[in-house]
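*Asks:* Need the 3D shape of this:
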Amino acid sequence: MRYEDEHRRSVEEPEAFWAEQAKAIHWHVPPHTILQYDEPPFRKWFVGGETNLCYNAVDRHLEARGDQLALVAISTETNVTREITYRELHREVNAFAAVLRRLDVGRGDRVVIYMPNMAEAVFAMLACARIGAIHSVVFGGFAAHNLALRIDDARPKLLIAADAGIRGGKVIPYKPLVDAACAEAEFAPPKVLIVSRGLDPAEPKAAGRDEDYAALRADVGDAQVPVEWLESNEPSYLLYTSGTTGKPKGVQRDVGGHAVAMALSMRTVYDVGPGQAMFSTSDVGWAVGHSYNVYGPLIVGATSLLYEGLPVHPDPGVWWALCEKYRVRTMFSSPTAARVLKKHDVDHIRRHDLSSLQYLFLAGEPLDEPTAQWITDALGKPVIDNYWQTETGWPVLCLLPGLDMKPVKFGSPGFPNLGYRTKIIHESTGEEVGPGEKGVLVLQPPLPPGCMSTLWHDDARFLRSYFGHFKELLYSSLDWAIRDADGYTFILGRTDDVINVAGHRLGTREIEEAVSSCPAVAEAAVVGVADELKGQVPVVFATLRQATTEPDARVAAADGMRKQVEHSLGAVARPARIYVVGALPKTRSGKLLRRSLLALAQGGDPGDLSTLDDPNALEEVKRALARGPEFGG
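*Replies:* Numbers count the residues shown, from 1 in each chain. Predicted structure coming up:
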């Protein structure tokens, strides 16, 4: 089937196309309306249809593949591997659902999950889906303040946490972070459920609030919990993403549209079907983890590998050993991971039998050509870029090897996916630009199934953040792009103040707020500077309340800023470099010239400075850059 024909049908006859795709999942009650679009840009897919994500991911596979591996949870941190069949997954998810019921969790209740890549995180997600609760997984590396913000927005009935995470052999106790978040939050959950791996023996207990999963799991035994059938457009989960302000955005996903999009993308984009194995290296706290560690592979009856650990431990061949052992067909990772592996001998890849591996997909940040070329040569397999966002839930731009594989062009994720109508438009005029011209990538609504429904309890912010940038009603990706003469799209970076650090989206304003909360700091500016390994890293320029020429005092102030960022936002947001300066460059109206700071930090031209208020401020920054950072290298 030709891509061009199928894509044209998907956008010109969307109701007929998606009615066909909906047959790939189980409906308890079939939908009576495929698309309802009477309140643009809000839309509803598969209206009146009743289904359940857990049933589609687990129950419906029991008869045909009950003894097939559903989930392989591997931890090179704890040296434990758990091989779980569909029948065993069904038993564990039912038990977890019974525990949730014991804790008074029901349909529509929110459950925050704060766990690393361990099997119980998947059980918890599927158990929520089974009973109609709305899960919100928070990345286990986030600090207490991040967790508190998400708690207050979701207002959960329950928080589920591991006793600890572990990275590079270092144990990171989660319980103190949970306790601090609950103390800070205005709407702390009445119950906290701890899933312990025995990593934190000193784990504190809050009487009357904290519950032990192992004890409750033993108590419920092999309880069976009936599936809650949900209307297609009810919320399935919330996933918070950074914005340009300090308050994270609660991306809300539906049930039916999400299931249908997962089934379609597994077949056409990732070319994985029943009985085959997919290995996504993402954390369950990210969108890729939701879509392609948990829901996507399980919905189509595949085997999903869930990995906790570093890509280079016990050696840089660990991922490829897993691909060999479990006969992985499709692997999904990030450009940062590929750049990490690039530092090691290619023999770590080539010594393994990768005859089953057909594709390596990379996403989450722009893929540079040298890295793409290196990993392609090392594997001898297609390395396929794909572009999407937390908000879209599945790829916007891709190649479709399961449908019609086009040639790979390094640096481009490819063409619009099925169901997506994309344009690249001029930032000021809103007119579509020509081939080779830079513009903003936008999507024409209605957005296809699988994309966000809205922001949790904030339709106004949904409209403002995504559809309020142009006169025409268009979803702005907030990414610059160009399209070449062959129709391939290339992503050039963000148009706003969000940076991409090794695939993690961070708002520079969030980091600025954390830095500025230090008593010694008068003002701060944060920019995302290009980095060979991570793609981008945050760099801080700050002025002090009491100016000093003493190097030790500047270093002490910078150390305080680093600690404050880690405390407020977690290690993932740690600045790569901190410069203490005497003044920050501003316009005469008081606006910080962040683009000039970024240009100087990257050794470039600071641009038009005709509106600069104090020329000496720019010289201050240049002197600081020549001197070197007070923190970082």
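
*Asks:* How far away from the center of its chain is the worst-scoring helix or strand of the chain on mean pLDDT?
*Replies:* Across the helices and strands of the chain, mean pLDDT, DSSP states H and E gives its lowest value to strand 504-507, namely a mean of 80. How far strand 504-507 lies from its chain's middle: 10 Å, per Cα atoms, centre = their mean, to the nearest Å.

*Asks:* Packing partners of that strand?
*Replies:* strand 498-501 (3 or more Cβ pairs under 8 Å, 6 or more residues apart in numbering; DSSP states H and E). (Glycine included, C-beta is placed from N, CA and C.)

*Asks:* In the strand it packs on, which residues are buried?
*Replies:* Across strand 498-501, burial judged by 16 or more other Cβ atoms under 10 Å covers 498-501.

*Asks:* what mean pLDDT does it have?
*Replies:* Strand 498-501 shows a mean pLDDT of 85.

*Asks:* Show me what it is packed up against.
*Replies:* strand 504-507, strand 521-531, strand 535-544.

*Asks:* for these, which one sits closest to Asp104?
*Replies:* Asp104 lies closest to strand 504-507 among these, at 33.9 Å (Cβ to Cβ).

*Asks:* Show me what secondary structure element comes after that closest one.
*Replies:* Counting by DSSP states H and E, the next helix or strand C-terminal to strand 504-507 is helix 508-516.

*Asks:* Contacts only, for the nearest residue to Thr241 once chain neighbours are set aside.
*Replies:* Nearest residue to Thr241, sequence neighbours excluded (Cβ to Cβ, 6 or more residues apart in numbering): Thr390, at 4.3 Å. Counting by Cβ atoms under 8 Å, 6 or more residues apart in numbering, Thr390 touches 239, 241, 251, 286-287, 505.

*Asks:* In strands only, show me those.
*Replies:* If you go by DSSP state E, these have 239, 241, 251, 505 in strands.

*Asks:* Show me just the buried residues among those residues.
*Replies:* Buried by 16+ other Cβ under 10 Å: 239, 241, 251, 505, out of the ones in strands among the contacts of Thr390.

*Asks:* so can I have JSON lines of these showing distance to Val383?
*Replies:* JSON lines is the format used below for those (distance: Cβ to Cβ, whole Å):
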{"residue": "Leu239", "distance to Val383": "27"}
{"residue": "Thr241", "distance to Val383": "26"}
{"residue": "Val251", "distance to Val383": "28"}
{"residue": "Arg505", "distance to Val383": "23"}
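
*Asks:* Return the item of those residues having minimum pLDDT.
*Replies:* Within those, pLDDT is lowest for Arg505, at 77.

*Asks:* Surely that one touches Ser242?
*Replies:* Yes - with contacts counted by Cβ atoms under 8 Å, Arg505 reaches Ser242, the gap being 4.7 Å.

*Asks:* Please enumerate the shared neighbours of these two.
*Replies:* Once Cβ under 8 Å, 6+ apart is applied, the residues that Arg505 and Ser242 both contact turn out to be Val498.

*Asks:* Just list whatever residues bridge to Tyr237.
*Replies:* His135, Arg253 (DSSP bridges).

*Asks:* out of the helices and strands packed on strand 498-501, nearest to Ala573?
*Replies:* With Cβ to Cβ, the closest approach to Ala573 among the helices and strands packed on strand 498-501 belongs to strand 504-507: 5.4 Å.

*Asks:* List the strands paired with the closest one, with their directions.
*Replies:* When DSSP bridges is applied, strand 504-507 pairs with strand 498-501 (antiparallel).

*Asks:* Contacts for the partner strand, please.
*Replies:* 242-244, 364-366, 478, 494, 505-508, 528, 534-538, 572-573.

*Asks:* from the residues you listed, which would you call buried?
*Replies:* Neighbour counting over these (16+ other Cβ under 10 Å) leaves 242-243, 364-366, 478, 494, 505-508, 528, 534-538, 572-573 as the buried ones.

*Asks:* Send over stretch 105-124 as PDB, restricted to the C-alpha atoms.
*Replies:* Extracted in PDB, the C-alpha atoms of stretch 105-124 (Å, rounded to 0.1, in the frame of the first residue of the first chain):
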ATOM      1  CA  VAL A 105     -10.000   4.300  44.600                       C
ATOM      2  CA  GLY A 106     -12.600   4.200  41.900                       C
ATOM      3  CA  ARG A 107     -13.700   5.500  38.500                       C
ATOM      4  CA  GLY A 108     -12.500   9.000  37.800                       C
ATOM      5  CA  ASP A 109     -10.200   9.200  40.800                       C
ATOM      6  CA  ARG A 110      -6.600  10.300  40.200                       C
ATOM      7  CA  VAL A 111      -3.700   8.200  41.200                       C
ATOM      8  CA  VAL A 112      -0.100   9.600  41.200                       C
ATOM      9  CA  ILE A 113       2.500   7.000  40.500                       C
ATOM     10  CA  TYR A 114       6.100   7.900  41.500                       C
ATOM     11  CA  MET A 115       8.200   4.900  40.500                       C
ATOM     12  CA  PRO A 116      11.200   3.800  38.400                       C
ATOM     13  CA  ASN A 117      11.100   1.200  35.700                       C
ATOM     14  CA  MET A 118       9.900  -1.700  37.700                       C
ATOM     15  CA  ALA A 119       7.200  -4.200  37.000                       C
ATOM     16  CA  GLU A 120       4.900  -2.900  39.700                       C
ATOM     17  CA  ALA A 121       4.800   0.500  37.900                       C
ATOM     18  CA  VAL A 122       3.200  -1.200  34.900                       C
ATOM     19  CA  PHE A 123       0.900  -3.200  37.100                       C
ATOM     20  CA  ALA A 124      -0.200   0.000  38.800                       C
END
